[in-house]
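Undergrad: Show me how the following folds:
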Amino acid sequence: MEEKIPVLDELREALRIALPNGKDGLNDDGITDDISSIESAVKAFRQRVMSDDRLTANNDYLKMIAQIDKYWEKLFADPITVKTQRGPTKVTPQRTNNLLERFFRDLKRGGRKKTGSSCSSKMLHALLADTPLIANLKSEDYLNAILGDCKSLEQRFSQSTLPKSASI
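TA: Numbering: from 1, shown residues only. Got it, this is the predicted structure:
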């Protein structure tokens, strides 16, 4: 493991995620950087690994490169233009599932606090399918899209349809 840490740190630096010297660990959002410079850094990392006979002799590094190759298009996807109430805006797709993992860590921690049980599978199976959408209510943009002209969720739920302006 110790010998693999520098290579993983180099990959994290290239991807600009969970940086080795960062203090946020798994909660690190990474650095928002130009996607083309990140792609260039990952290309250089990939080339360095593939040109190192010591690394390519180890199947673990070849598997890592295969994963990078497999998801290359998703790692470096162009921003998507979406329509919002304020007009079109560009959204850069997530390159990692860090936000989703953080959400489930928080969900599991909350379940353990409520039940005192370290086993969260029963709690997760009991959740309604749309329960995770509740976390979106922390987002001001999401809340504004749902509420429309209403001042509260109660007022919004008393209506029968979503406002026409609720496209995110």
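
Undergrad: drop to CA atoms for contacts and neighbour counts, all remaining ones
TA: Will do.

Undergrad: Per-residue confidence, G22, what does it come out as?
TA: You'll see G22 listed with a pLDDT of 71.

Undergrad: How much space separates it from L8?
TA: Distance, G22 to L8, by Cα to Cα, to the nearest Å: 14 Å.

Undergrad: buried sites along the helix or strand in which E73 is found?
TA: Using DSSP states H and E, the element containing E73 is helix 72-75. For helix 72-75, burial by neighbour count (16 or more other Cα atoms under 10 Å) applies to L75.

Undergrad: Quick check: mean pLDDT of the next helix or strand after it?
TA: Proceeding C-terminally, helix 72-75 gives way to strand 80-84 as the next helix or strand, assigned by DSSP H and E. Averaged over strand 80-84, pLDDT sits at 84.

Undergrad: ok, and what's touching the helix or strand that comes right after strand 80-84?
TA: Per DSSP H and E, strand 80-84 leads on to strand 87-91 as the next helix or strand towards the C-terminus. By Cα atoms under 8 Å, 6 or more residues apart in numbering, the surrounding residues in contact with strand 87-91 are P79, I80, T81, V82, K83.

Undergrad: for stretch 39-59, same thing?
TA: The contact list for stretch 39-59, computed with Cα under 8 Å, 6+ apart, reads E10, L11, A14, L15, Y61, L62, I65, F76.

Undergrad: among the residues you listed, which are in strands?
TA: Assignment to strands by DSSP state E places none of the contacts of stretch 39-59 there.

Undergrad: Could you identify which of those residues has the most neighbours?
TA: Using other Cα atoms under 10 Å as the neighbour criterion, L15 leads the contacts of stretch 39-59 with 24 neighbours.
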